[in-house]
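K.L.:
build the 3D model from these lines:
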Amino acid sequence: MKLSRPAGYAGALRSALLAGIAGLSAAGSPYAQEAPGIAINPNVFDVYLQSRLQRPAAQATPEEIEALRNELTDIYLLSNQPRAQELRESPRIAAQLELQSRAMLAQALATEFVAANQATDEEMRTLYDEQTAAPGREYKARHILVETQGEAIALIAELEGGADFA
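P.N.:
Predicted structure coming up:
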């Protein structure tokens, strides 16, 4: 399998990124710039930046922005290869893509629901009181501590022979 970049891509990308001449996106994000031949949605870049850095995109350093832009550009280049398009149609990859999409939608829906339906302090107190008022099972635990494994084996043999645990 041969993966290739568009002719002149590496030099053009380095020049554009280092010189800072790649235009800002229409959305005005200071992070999402377009590389030659690759149009990265600024929202996608911001989400990628935040997920990789685990902090707000606004806190990213210029070096981090450049490195992650290069990573995402490579992801776009690889995913646009003809073989990647063939893989997208395989039943297993199609199922994984659908599962990821549905999982993200379900998570977004659940997050939205929880945010819109915050429990009050009174509701939480009532639920707590209900759950703690019910009598629970109580257990009595007993154990024997000994210094050596040999003593433990001897005690086990005695107990299995009918000795009183107490």
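K.L.:
Q118 versus the residue nearest to the spatial centre of the chain, what's the distance?
P.N.:
The centroid of the chain falls nearest to S51 when counting by Cα atoms, centre = their mean (7.5 Å). According to Cβ to Cβ, to the nearest Å, S51 stands 26 Å off from Q118. (C-beta placed from N, C-alpha, C; glycine too.)
K.L.:
after the worst-scoring helix or strand of the chain on mean pLDDT, which helix or strand is next?
P.N.:
Within the chain, judged by mean pLDDT, DSSP states H and E, the helix or strand with the poorest mean is helix 9-19; its value is a mean of 43. Sequence order places helix 42-53 as the next helix or strand after helix 9-19, per DSSP states H and E.
K.L.:
next helix or strand past that next one?
P.N.:
That would be, after helix 42-53 and using DSSP H and E, helix 62-79.
K.L.:
pull the distance from the helix or strand following that next one to the chain's centre.
P.N.:
Beyond helix 62-79 on the C-terminal side, the first helix or strand identified by DSSP H and E is helix 82-88. Taking the mean of its C-alpha atoms, helix 82-88 sits 25 Å from the chain's own mean (Cα atoms, centre = their mean, to the nearest Å).
K.L.:
equivalent analysis for stretch 86-100, please.
P.N.:
19 Å.
K.L.:
buried ones in it, by neighbour count?
P.N.:
Of the residues in stretch 86-100, none count as buried by neighbour count, 16 or more other Cβ atoms under 10 Å.
K.L.:
ok, stretch 40-55 next?
P.N.:
I40, P42, F45, D46, Y48, L49, Q50.
K.L.:
need the residues you listed in CSV (columns: pLDDT).
P.N.:
Converted to CSV, those look like this (pLDDT from 0 to 100):
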residue, pLDDT
I40, 90
P42, 92
F45, 94
D46, 93
Y48, 95
L49, 95
Q50, 94
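K.L.:
quick one: which of the residues you listed is nearest to G162?
P.N.:
Q50 (65.6 Å; Cβ to Cβ).
K.L.:
what's the burial count for the closest residue to the closest one other than its chain neighbours?
P.N.:
Excluding its sequence neighbours, the residue lying closest to Q50 (Cβ to Cβ, 6 or more residues apart in numbering) is A57, at 5.3 Å. By the measure other Cβ atoms under 10 Å, the count of residues near A57 is 20.
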